[in-house]
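K.L.:
mind looking at a prediction? Sequence and model below.
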Amino acid sequence: MHEQGVAHRDCVFKNMGMDSRVMYPDGFHPIWQDWTPTVSGLARRLPRLDVGPRYYFLDFGISSYFPPGTPRTLVTGNFGRVRQVPELSKDVPYDPFKVDIFIIGNALRQKLYGLYSNVGFLSPFIDQMTRSEPSARPTAEQMLREWRAMRRRFNAAERHWRLRRRGEWLIYTSVASAVHVVKIGGHLVKWVSGKRYKGS
């Protein structure tokens with residue numbers, strides 16, 4: 001998005017969407033999402049790991065666009081859902097691309113790091129992305145390079161391990177982890193054998 005000259009400026013979780021068609025080939029009810037569209041039974045759901053759904057940013061109402069070949073100027077405005085962005089101002093210009101970096105870092109802190117105990121590897125990313133001084137934050141390109149380098153340090157099983165909620169009961173952790181070992185094993189067998197879900 002940044003490579004295309006677009007700064008979203010409100011890229012919170014509520015403005016992110018997933019194309020669920022590959023995971024729910026028969027559809028699902030818009031309210032009771034575990035059920036079929038007619039509520040006649042449970043919706044058939046394919047594993048996210050196997051089908052790889054695509055994710056999108058939504059609601060570009062306050063975004064800034066800089067066409068190719070034009071300079072990326074500073075902007076003003078204090079709109080948006082995340083009020084913690086330090087530089088937001090009606091009067092003092094700021095870099096809208098660094099606002100996106102802060103917002104996504106803040107979302108990682110609230111929606112992942114704050115809820116799950118086994119995502120400590122996110123901490124350095126969050127710290128960099130939410131620095132109070134915008135110029136000290138990395139660019140999206142820099143963060144993507146760091147993310148890819150970090151991922152290479154984990155094997156397939158580690159990358160796909162279940163998220164463990166903070167304060168989770170030990171007995172639940174033990175049972176859920178055992179079930180997950182079986183699931184990961186099944187996925188690895190499918191990956192090695194080349195058998196993947198085709199949505200049918």
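P.N.:
Looks like it arrived, so ask away.
K.L.:
pLDDT at M150, what is it?
P.N.:
According to the predicted model, the pLDDT of M150 comes to 89.
K.L.:
what about it, helix or strand, and which?
P.N.:
Under the criterion of DSSP states H and E, M150 resides in helix 140-151.
K.L.:
before we move on, what about H187?
P.N.:
Here H187, judged by DSSP H and E, is contained in helix 170-193.
K.L.:
ok, and for that helix, which residues are buried?
P.N.:
Residues I184, H187 are the ones in helix 170-193 that count as buried (16 or more other C-beta atoms under 10 Å). Placement of C-beta: from N, CA and C, glycine included.
K.L.:
which other helices and strands contact it?
P.N.:
Taking 3 or more C-beta pairs under 8 Å, 6 or more residues apart in numbering; DSSP states H and E as contact, the helices and strands that helix 170-193 lies on are helix 48-51, helix 156-159.
K.L.:
return the most buried member of these.
P.N.:
With neighbours taken as mean count of other C-beta atoms under 10 Å, the helices and strands packed on helix 170-193 reach their highest mean count in helix 48-51, at a mean of 16.
K.L.:
for it, packing partners?
P.N.:
Judged by 3+ C-beta pairs under 8 Å, 6+ apart, helix 48-51 is in contact with helix 170-193.
K.L.:
okay, how far is it across stretch 25-34, tip to tip?
P.N.:
End-to-end distance of stretch 25-34 (C-alpha to C-alpha, to the nearest Å): 13 Å.
K.L.:
same deal with stretch 90-103?
P.N.:
For stretch 90-103, the first and last residues are 18 Å from each other (C-alpha to C-alpha).
K.L.:
and for it, what's in contact with it?
P.N.:
1-2, 7-12, 63-64, 72-78, 80, 82, 84-88, 129-130, 134-135, 137-140, 143 (C-beta atoms under 8 Å, 6 or more residues apart in numbering).
K.L.:
tell me the buried residues in the strand ranked longest in the chain?
P.N.:
Looking only at the chain and at elements set by DSSP state E, the strand with the highest residue count is strand 89-94. For strand 89-94, burial by neighbour count (16+ other C-beta under 10 Å) applies to Y94.
K.L.:
and the helices and strands packed on helix 170-193, which one's lowest on average pLDDT?
P.N.:
In terms of mean pLDDT, the lowest-scoring of those is helix 156-159 (a mean of 72).
K.L.:
rewinding a little: let me know the angle separating the helix or strand following the longest strand of the chain from helix 140-151.
P.N.:
Next in sequence after strand 89-94, counting helices and strands by DSSP H and E, comes helix 96-108. Counting by axes from the mean of the first three to the mean of the last three C-alpha atoms, to 10 degrees, helix 96-108 lies at 30 degrees to helix 140-151.
K.L.:
packing partners for whichever helix or strand comes after helix 96-108?
P.N.:
The first helix or strand that comes after helix 96-108 along the chain, using DSSP H and E, is helix 123-129. With contacts defined as 3+ C-beta pairs under 8 Å, 6+ apart, the packing partners of helix 123-129 are helix 96-108, helix 140-151.
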